[in-house]
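Enquirer: fold the following, please.
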Amino acid sequence: KNLISMNYKISIFSESNRRINDTKIKKKISYLKNLSNLSKFNFVIIANETNKHLDYIKFLIKKKKDVYFEKPIFHKKFNFVKLENQIKKNKLFFYCGYQLLMHEKIKFLSNFLKKQKILSFVFQVGYDFKKWREGKYKSKKYFLNKSKGGGVIFELIHEVNLIQKLIGKIDKIKTLKKSINSNKFEDLSLSLVKTKNNVNGILYQDMLSSSYFRSYKIICKKCTIELDISKQILKINDKIFKFNKKKNSNENLLKESLKHFLKMKKYKKNLRYFKDSVSDLNVALQMHNKK
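Expert: Numbers count the residues shown, from 1 in each chain. Predicted coordinates for the structure are as follows:
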């Protein structure tokens, strides 16, 4: 929908038999072998199940295509150095779709915190996965299956990414996790975090909350910052900032994320986003007690 609004011509490869009714989409490609000629495509978006990301990433590196891929990059331990070298050699651009990075207050904090001495933090996020997926959870179960990259840690990896962006690279993380509602996936986790710049904090992730919450509290030497995305408020000490609900809606953030990808992919030698996504995966694996 966003790409069509930007006048892109689109083809879709899907393993699903679900019909695509939009007349502006050129065709649906049903088999991977039919993707042998990708020269006419400017870039490719990977938005399938987490456990299938790596196969497509390898395939698209060989085809020398720029890629926008959905988070997380994968769900298992893998040596990404070889892939990184191939991306560099072919001058490709790989970008992970963390749309929260496009949020106006996240951008503000990214600059604001560079001038602050951070002492500690508490990041917390929660939702009812059935509401979040708008009823699709019955047919789209990969995000509920641990073996396919499902569960609270991978589903809510946005906060891992934001800690590493706003606070500092995570050095150590110790996680308590629990399966309350299912044996197939973990739906609740609480982590103690220490960053490489020696800041301690807490990360709370919840897939069973009846109400949506997403809030970050950052204690600095000279101020206390409270960003509540669910209530659309940023508070620094006693000063309150509100933000535009429409501008920061998930739909608009997705569009801004795509725009950023299209802008940044001009710089082919930029490996930062690929490396960041691998770093986030390594933290998630630590949370799963897999070093």
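
Enquirer: quick one: the strands in this protein, in order.
Expert: Remark: strands assigned in the chain by DSSP state E are 10-13, 25-29, 43-46, 66-69, 94-96, 118-128, 170-178, 188-195, 200-206, 208-220, 224-228, 233-236, 239-242.

Enquirer: just give me how far the shortest one sits from the chain centre.
Expert: The one in question is strand 94-96. With C-alpha atoms, centre = their mean, to the nearest Å as the basis, strand 94-96 stands 10 Å off its chain's centre.

Enquirer: circling back to that earlier point, lowest average confidence across the strands of the chain, which one?
Expert: Mean pLDDT across the strands of the chain is lowest at strand 25-29; the value there is a mean of 61.

Enquirer: returning to that earlier point: which one of the strands of the chain lies nearest to K88?
Expert: strand 94-96 (10.4 Å; C-beta to C-beta). The C-beta positions use only the backbone N, C-alpha and C, and glycine is treated the same way.

Enquirer: contacts for that closest one next, please.
Expert: 57, 66-73, 87, 260-261, 264-265, 271, 273-274, 276-277, 280 (C-beta atoms under 8 Å, 6 or more residues apart in numbering).

Enquirer: ok so, going back, please identify the deepest-packed of the strands of the chain.
Expert: Ranked by mean neighbour count, those are led by strand 94-96 with a mean of 24 (mean count of other C-beta atoms under 10 Å).

Enquirer: what strands line up against that strand, and which way round?
Expert: As defined by DSSP bridges, the strand partners of strand 94-96 come to strand 66-69 (parallel).

Enquirer: pull the strand it pairs with out as CSV, backbone CA atoms only.
Expert: Taking C-alpha atoms only, strand 66-69 is exported to CSV below (Å, rounded to 0.1, in the frame of the first residue of the first chain):
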residue,chain,number,x,y,z
ASP,A,66,19.1,-4.4,-2.0
VAL,A,67,16.8,-5.7,0.7
TYR,A,68,14.4,-4.3,3.3
PHE,A,69,13.7,-7.1,5.8
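
Enquirer: what's in contact with it?
Expert: 42-47, 53, 56-57, 60, 92-97, 258, 261, 265, 277.

Enquirer: grab the nearest non-local neighbour of I170.
Expert: V283 (5.0 Å; C-beta to C-beta, 6 or more residues apart in numbering).

Enquirer: nope, Y98 is what I meant
Expert: Here the residue nearest Y98, using C-beta to C-beta, 6+ apart, is N161, at 5.1 Å.

Enquirer: can you check L234 too?
Expert: F241 is the one closest to L234 (C-beta to C-beta, 6+ apart), at 4.3 Å.

Enquirer: before we move on, back to that, now the buried members of the contacts of strand 94-96.
Expert: When the contacts of strand 94-96 are checked for burial by 16 or more other C-beta atoms under 10 Å, the buried set is 57, 66-69, 71-73, 87, 260-261, 265, 271, 273-274, 276-277, 280.

Enquirer: so where's the stretch 1-150 of the chain uncertain?
Expert: 15-36, 133-141 (pLDDT under 70).

Enquirer: quick check, pLDDT for S179.
Expert: pLDDT, S179: 86.

Enquirer: verify the contact between it and L208 for me.
Expert: No. Contact criterion C-beta atoms under 8 Å: S179 and L208 do not qualify, at 10.5 Å.

Enquirer: returning to what we had before: of the contacts of strand 94-96, which belong to helices?
Expert: Judged by DSSP state H, those include 57, 87, 260-261, 264, 273-274, 276-277, 280 as members of helices.

Enquirer: those: which two are farthest apart?
Expert: Going by C-beta to C-beta, the pair spanning those furthest: I57 and H260, at 19.6 Å.

Enquirer: I'm done for today, thanks for sticking with me.
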